[in-house]
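K.L.:
Sequence plus predicted model, see below.
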Amino acid sequence: MLEFLRAKIHRATITEANPDYMGSITICSELLAASGIKEFEKVLVSDITNGERLETYVIKGKPGEICLNGAAAKKMRIGDLVIIMAFQFLEEGKEPNPKIILVDEKNRPVRELSV
């Protein structure tokens, strides 16, 4: 089995940081639906602004919301641009078909890229 990119939300903007929450990243439900990322799924978050990377799990949020919770809120700041990625294992020979969603400055999906 090999691990491949399954879904990506590209260049989302962090709208909130809540260090007092237990942990996770809150992502608006519209972006979750567009990307196919599921609530409670593990994701890798890469901060384009400062180079930080972290793994956490997803909870659903309100429109436009990208909120880092718990310790993650200390690594990234409001206004930072991030890439949020989910992965999957596939048997050798199976072709990955990732869904890549580009967003605007208000975290609304604007285009799906084909690979």
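P.N.:
Happy to help now that I have it.

K.L.:
wait, is Glu30 part of a strand?
P.N.:
No - with DSSP: H, G, I helix; E, B strand; the rest coil as the criterion, Glu30 is located in helix rather than a strand.

K.L.:
got a list of what it touches?
P.N.:
Shown in contact with Glu30 (CB atoms under 8 Å, 6 or more residues apart in numbering): Pro63, Arg108, Pro109. Bear in mind the C-beta positions are built from the backbone N, C-alpha and C, glycine included.

K.L.:
neighbours of the second one, just the number please.
P.N.:
Applying other CB atoms under 10 Å, we find 14 residues neighbouring Arg108.

K.L.:
Looks like it contacts Ile66 (just checking).
P.N.:
No - using CB atoms under 8 Å, Arg108 is not in contact with Ile66; the gap is 11.5 Å.

K.L.:
Can you show me the helices along the protein?
P.N.:
Ranges of helices in the chain, per DSSP state H, are 29-35.

K.L.:
Read off the pLDDT value for the residue most central in space within it.
P.N.:
Residue closest to the mean C-alpha point of the chain, counted by CA atoms, centre = their mean, is Ile84 at 2.5 Å. Here the pLDDT value assigned to Ile84 is 98.

K.L.:
Kindly report the same for Leu5.
P.N.:
For Leu5, the pLDDT comes out at 97.

K.L.:
In contact with the nearest residue to Asn50 once chain neighbours are set aside, which residues?
P.N.:
Counting by CB to CB, 6 or more residues apart in numbering, the nearest residue to Asn50 once its immediate chain neighbours are dropped is Asp80, at 6.5 Å. When contacts are counted by CB under 8 Å, 6+ apart, Asp80 touches Thr13, Ile14, Asp47, Ile48, Thr49, Asn50.

K.L.:
Show me those that map onto strands.
P.N.:
Thr13, Asp47 (DSSP state E).

K.L.:
who wins for most neighbours among the contacts of Asp80?
P.N.:
Ile14 (23 neighbours).

K.L.:
Check what pLDDT that residue gets.
P.N.:
Looking at Ile14, its pLDDT is 98.

K.L.:
so how far is Lys75 from it?
P.N.:
Distance of Ile14 to Lys75, computed by CB to CB, to the nearest Å: 10 Å.
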